[in-house]
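Participant: Make a model of this:
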Amino acid sequence: MTWTTTADPDAFDAAAGAFLRARPVAHTMLLSVAATVRATGADAYGDHPPRYGWWRETAEVGAAYLWTPPRPVLLSATPERAASALADTLTEEAHHVPGVGGDLAAVDAFAATWLRHHGGTARTGERNRLHRLGMLRPPRPGPPGAARPATTADRALVLEWFADFATDAGTVPPCDARTVDDRIAHGRVLLWEDGGRPVEMAAHTGAEDGITCVAPVHTPPELRGRGYAGAVTAALSQAARDAGAREVLLFTDLANPTANALYRRLGYAPVTDRVVVEFSGTDLAGVGDGQGRE
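Facilitator: Numbers count the residues shown, from 1 in each chain. Below you'll find the model as predicted:
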């Protein structure tokens, strides 16, 4: 029962890719982040390269993780004993872990072991629910206006809204415009225009293995409550399907009942919940520089 860790994305894909793709909906976040790193480069999410790992109890891979400092470690579907063992492994490698995200039981097991090694406290930073699109039901009647693909002329606004979304969600804003530029170039960002001006944005990650995730969906605060979010999400969801996505997914904040109800009305059904725990007051937490022994 051991973890193998690496900074090599190709080694990770060779070892754990089949495990992740066997459950592509549940593992959409890891698959999407790994694909972005392969397409954009090791600095896609920050100055420090990602770390990867896979766990074997038998000959088969039974869990995996991906970490893009300074963000939390992302866990696949992971047995509790494997999550605990990963906290031991990352401690032995002297990594500075600011938090961990995944299924509740796995996150709790990792956090308990991490705090036993390093002290401090853990707090729940996010509680999200993964949804998948069934039969799309666009809002009727919809708000005034129409959707259109963002272009390079909209780049500054799109970057601003990506950053605003991250700030609202309490997550790390995009540190590199290349990932946003790639979405614009491939038509994966839609703007809803009303009266000749953009009032709403939605984007999706691209159909990695036939699966795409809608994120972010952002409305400026002064324009909320007018139906723009539902309209642009429906338009983007249809565009993703038209582009070949077999599955269209999105995450919602469980603390936002309005958004959860909206996406259910559009045809999204719950799949699973996930949680992100953040560490503070530990001897390593909060640094998140990804440095450790290779």
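
Participant: For the rest of this, base every contact and every neighbour count on C-alpha atoms.
Facilitator: Fine.

Participant: Can you list phi and psi of Val189 for me?
Facilitator: Val189 has phi and psi values of phi -130, psi 120 when expressed as degrees, to the nearest 10.

Participant: Next, the contact list for the nearest residue to it once chain neighbours are set aside, please.
Facilitator: The spatial neighbour of Val189 that comes closest, neighbours along the chain excluded (C-alpha to C-alpha, 6 or more residues apart in numbering), is Ala203 at 4.2 Å. Shown in contact with Ala203 (C-alpha atoms under 8 Å, 6 or more residues apart in numbering): Arg183, Arg188, Val189, Leu190, Val214, Ala215, Pro216, Val217, Leu236.

Participant: Let's see which of these end up in strands.
Facilitator: The members of the contacts of Ala203 that map onto strands under DSSP state E are Val189, Leu190, Val214, Ala215, Pro216, Val217.

Participant: how near is Asn260 to Val271?
Facilitator: With the distance defined as C-alpha to C-alpha, to the nearest Å, Asn260 ends up 13 Å from Val271.

Participant: So for those two, which sits in the more crowded spot?
Facilitator: A direct count of neighbours by other C-alpha atoms under 10 Å for Asn260 and Val271 places Asn260 higher, at 19 against 13.

Participant: tell me the phi and psi of that one?
Facilitator: When quoted as degrees, to the nearest 10, the phi and psi of Asn260 stand at phi -60, psi -40.

Participant: Quick check: it vs His131, distance?
Facilitator: Distance of Asn260 to His131, given as C-alpha to C-alpha: 9 Å.

Participant: on that earlier part again, and of the contacts of Ala203, the nearest to Ala22?
Facilitator: Checking those against Ala22 with C-alpha to C-alpha, the nearest one is Val214 at 21.0 Å.

Participant: Any stretches of the stretch 101-250 of the chain with poor pLDDT?
Facilitator: 172-176 (pLDDT under 70).

Participant: center of this structure - which residue?
Facilitator: When C-alpha atoms, centre = their mean is applied to the chain, the residue found nearest the centroid is Met29 (4.8 Å).

Participant: which residues touch stretch 180-194?
Facilitator: Contacts of stretch 180-194 (C-alpha under 8 Å, 6+ apart): 144-152, 155, 158-159, 198-206, 228, 231-232, 236, 240.

Participant: Before I go, just wanted to say thanks for your time.
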